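Trainee: can't give you the sequence, but here's the structure:
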């Protein structure tokens, strides 16, 4: 058995481990997310598109697809449904005729803000499951290793948009306080 | 603004952060997983059921559903398809008539082992994205904070099965070396 073989095996064990962990984590997140958005007649893709458009302030459909980790056709089709409901507006720019831009309408903004206000009306197993770590360390875990892996897979701009969106939610709450 | 309000906001920001991260990680894992199993005409649920049945050695359908984080009906329906393909065998036990047990058939075992042998024939973005951390720290990241959160959500037995399955893959490779 060579060193390279060992590395291959180690890599496979690692990868199988991450597959299990990330599935379990995502399924818990998905369940919490679905419970939260259920009263608003949105599916996860639709809500995610609204969420991204709100925080990016002037995103293209391909930005939405990239940051939402969905196919461009999925992003387009669900954006269309949100437009029909008056929650999202499509536009073209004179300086950039090729891309379609999406913006959250005032109705969409009101809906998103209402959803944030009611965030804690539904159970969040991920928050509950993280509270013992918060008690132990004084703050919620940061998942720095997950962030590093995601940065390597999706690129710096993905992380930049990610950080901007989280900061944006933070600022929204500061303004309304 | 009270301390409790601050905690609620902090919890929400944390939870939105995890939602994004876990979706991005899971989508990368899913893509790698699909590319790996594509030549074998299996979907992720089917492969996951085979995987769990193989490593648990005598699992019930509800064990499969629990550990695979899928509905019992999903676990049952895809197990049925695997049985029709001769990859999985159903059985009842005299000591436990209520549960249906699933076991990987010799054909199923051969298929799984062949799949492990060809693991590195397809790209694994999660492995590639983790190699810089392996270079830096001398080993792949362990995601201990993710594991702690999952343990709190899914329970100790989930983690016990998880560790057993990873150890099992490790042993399988030791035997064949």
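Mentor: Great, that's in hand. All values derive from a computational prediction rather than experimental measurement.
Trainee: Could you use CA atoms for every contact and neighbour count after this?
Mentor: Noted.
Trainee: burial of the closest residue to residue A:143 other than its chain neighbours, as a residue count?
Mentor: In space, and not counting its chain neighbours, residue A:143 is closest to residue B:145: 6.6 Å by C-alpha to C-alpha, 6 or more residues apart in numbering or on different chains. By the measure other C-alpha atoms under 10 Å in any protein chain shown, the count of residues near residue B:145 is 18.
Trainee: in chain A, which spans are strands?
Mentor: Ranges of strands within chain A are A:59-60, A:88-93, A:96-104, based on DSSP state E.
Trainee: Who are the packing partners of the lowest-mean-pLDDT helix or strand in chain A?
Mentor: Across the helices and strands of chain A, mean pLDDT, DSSP states H and E gives its lowest value to helix A:156-176, namely a mean of 82. Where contact means 3 or more C-alpha pairs under 8 Å, 6 or more residues apart in numbering or on different chains; DSSP states H and E, helix A:156-176 is packed against helix A:44-56, helix A:61-68, helix A:144-154, helix B:3-37.
Trainee: got the buried residues for the last one?
Mentor: Residues B:9, B:11-30, B:32-33, B:36-37 are the ones in helix B:3-37 that count as buried (16 or more other C-alpha atoms under 10 Å in any protein chain shown).
Trainee: domain ranges for chain A?
Mentor: What automatic domain parsing lists as the domains of chain A is A:42-122, A:123-171.
Trainee: Is there any residue in stretch A:60-69 that contacts chain B?
Mentor: Yes. Counting by C-alpha under 8 Å from any C-alpha of the partner chain, chain B is contacted by stretch A:60-69 at A:68-69.
Trainee: Quick one: distance of that stretch to the chain centre.
Mentor: With C-alpha atoms, centre = their mean, to the nearest Å as the basis, stretch A:60-69 stands 10 Å off its chain's centre.
Trainee: residues making contact with that stretch?
Mentor: By C-alpha atoms under 8 Å, 6 or more residues apart in numbering or on different chains, the residues outside stretch A:60-69 that reach it are A:48-49, A:52-53, A:71-72, A:74-76, A:99-102, A:158, A:161-162, B:23-24, B:27.
Trainee: Which residue, other than its chain neighbours, is closest to residue A:48?
Mentor: Counting by C-alpha to C-alpha, 6+ apart, residue A:48 lies nearest to residue A:68, which is 6.6 Å off, once chain neighbours are set aside.
Trainee: what sits against residue A:25?
Mentor: Residue A:25 is in contact with B:22, B:146, B:150, counting by C-alpha under 8 Å, 6+ apart.
Trainee: how close does the last one get to chain A?
Mentor: Translated: residue B:150. Here the criterion is C-alpha to the nearest C-alpha, to the nearest Å. By it, residue B:150 lies 7 Å from chain A.
Trainee: Measure how buried that residue is and give me the count.
Mentor: Residue B:150 has 23 nearby residues by other C-alpha under 10 Å.
Trainee: and the residue nearest to it when sequence neighbours are not counted, how far is that from residue B:93?
Mentor: Spatial nearest neighbour of residue B:150, chain neighbours left out: residue A:25 (6.5 Å); criterion: C-alpha to C-alpha, 6+ apart. Counting by C-alpha to C-alpha, to the nearest Å, the gap from residue A:25 to residue B:93 is 33 Å.
Trainee: Over to residue A:20?
Mentor: 29 Å.
Trainee: repeat for residue A:174
Mentor: Distance, residue A:174 to residue B:93, using C-alpha to C-alpha: 60 Å.
Trainee: cool, residue A:110 as well?
Mentor: For residue A:110, the distance to residue B:93 (C-alpha to C-alpha) stands at 57 Å.
Trainee: try residue A:121
Mentor: 44 Å.
Trainee: just residue A:71 next, same as before
Mentor: Distance from residue A:71 to residue B:93, counting by C-alpha to C-alpha: 46 Å.
Trainee: These two - which one has more neighbours?
Mentor: With other C-alpha under 10 Å as the criterion, residue A:71 and residue B:93 differ in neighbour count, and residue A:71 comes out ahead with 13 against 10.
Trainee: Excluding chain neighbours, give the residue nearest to the more buried one in space.
Mentor: Closest residue to residue A:71 apart from its sequence neighbours, by C-alpha to C-alpha, 6+ apart: residue A:65 at 5.8 Å.
Trainee: residue contacts, residue A:26?
Mentor: Residues in contact with residue A:26 (C-alpha under 8 Å, 6+ apart) are B:19, B:22-23, B:26.
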